[in-house]
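Q: give me a 3D structure for the following:
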Amino acid sequence: MNALEFTQQDAQVRVAGDLDRNQVGLAWSNRADWMGQEQALVLDLSEVKKVDSAGLAFLIQVQAELASHERELSLQNVNTQLRQFAAVSGVTELLSLSYTASK
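A: A predicted model of the protein is given here:
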């Protein structure tokens, strides 16, 4: 189990660790620490090791919260596992994953 970490880097937030049910609760509770106030929140997911359905739901919830404040979410370096979860769940377009760099 890899703790989920959010690190501010220039105009984006680097996410590292496991984006799964064991980690997203605390990340959501601490979202004020990493969501910032910029118009767009850019999450660099290049160091996310594992994703499950709770991780996908977490990203959808982050996007919904930002949208309620007229802000946008941009995901970068989305791994294959997350893209596959999004495709199976029918939320690829919702999260704009089809236009995001991946590894």
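Q: quick check: residue 91 vs residue 38, distance?
A: 23 Å (CB to CB, to the nearest Å). All C-beta spots, glycine's among them, are computed from the backbone N, C-alpha and C.
Q: neighbour count: the two, which is higher?
A: residue 91 (17 against 12; other CB atoms under 10 Å).
Q: wait, the more buried one touches residue 60, no?
A: Yes: between residue 91 and residue 60 there is a contact under CB atoms under 8 Å: 6.3 Å.
Q: per-residue confidence for the residue nearest in space to the middle of the chain?
A: Centroid-nearest residue in the chain: residue 59, 4.5 Å away (criterion: CA atoms, centre = their mean). On pLDDT, residue 59 comes in at 96.
Q: going forward can the numbers begin at 48, since that is how I track them
A: OK, 48 is where the count begins now, so the last one is residue 106.
Q: so what does the nearest residue to it once chain neighbours are set aside look like in phi/psi?
A: Among residues not flanking residue 106 along the chain, residue 142 sits closest, at 6.1 Å (CB to CB, 6 or more residues apart in numbering). Main-chain torsions, residue 142, degrees, to the nearest 10: phi -90, psi 0.
Q: residue 142 touches residue 108, doesn't it?
A: No: counting by CB under 8 Å, residue 142 sits too far from residue 108 to count as a contact (11.4 Å).
Q: any idea which helix or strand carries residue 80?
A: helix 78-81 (DSSP states H and E).
Q: actually residue 50, not the one I typed
A: Using DSSP H and E, no helix or strand contains residue 50.
Q: quick check: it touching residue 64?
A: Yes: Residue 50 is in contact with residue 64 according to CB under 8 Å; the separation is 5.2 Å.
Q: okay, these two: which has more neighbours?
A: residue 64 (18 against 11).
Q: can you pull the contacts of that one?
A: Going by CB atoms under 8 Å, 6 or more residues apart in numbering, residue 64 touches 49-52, 70, 94-96.
Q: can you give me the strands in the protein?
A: 52-56, 59-66, 87-98, 119-123 (DSSP state E).
Q: C-alpha coordinates for the longest helix along the chain, CSV please?
A: In the chain, assigned by DSSP state H, the helix with the most residues is helix 100-115. What follows is helix 100-115, C-alpha atoms only, in CSV (Å, rounded to 0.1, in the frame of the first residue of the first chain):
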residue,chain,number,x,y,z
SER,A,100,-13.1,2.1,-8.8
ALA,A,101,-12.9,4.3,-5.6
GLY,A,102,-10.0,6.2,-7.2
LEU,A,103,-12.1,6.8,-10.3
ALA,A,104,-15.0,7.9,-8.2
PHE,A,105,-12.7,10.2,-6.3
LEU,A,106,-11.6,12.0,-9.5
ILE,A,107,-15.2,12.4,-10.6
GLN,A,108,-16.1,13.9,-7.2
VAL,A,109,-13.1,16.3,-7.5
GLN,A,110,-14.3,17.3,-10.9
ALA,A,111,-17.8,17.9,-9.6
GLU,A,112,-16.6,20.0,-6.7
LEU,A,113,-14.5,22.1,-9.0
ALA,A,114,-17.3,22.5,-11.5
SER,A,115,-19.6,23.8,-8.7
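Q: fine by me, we can end here.
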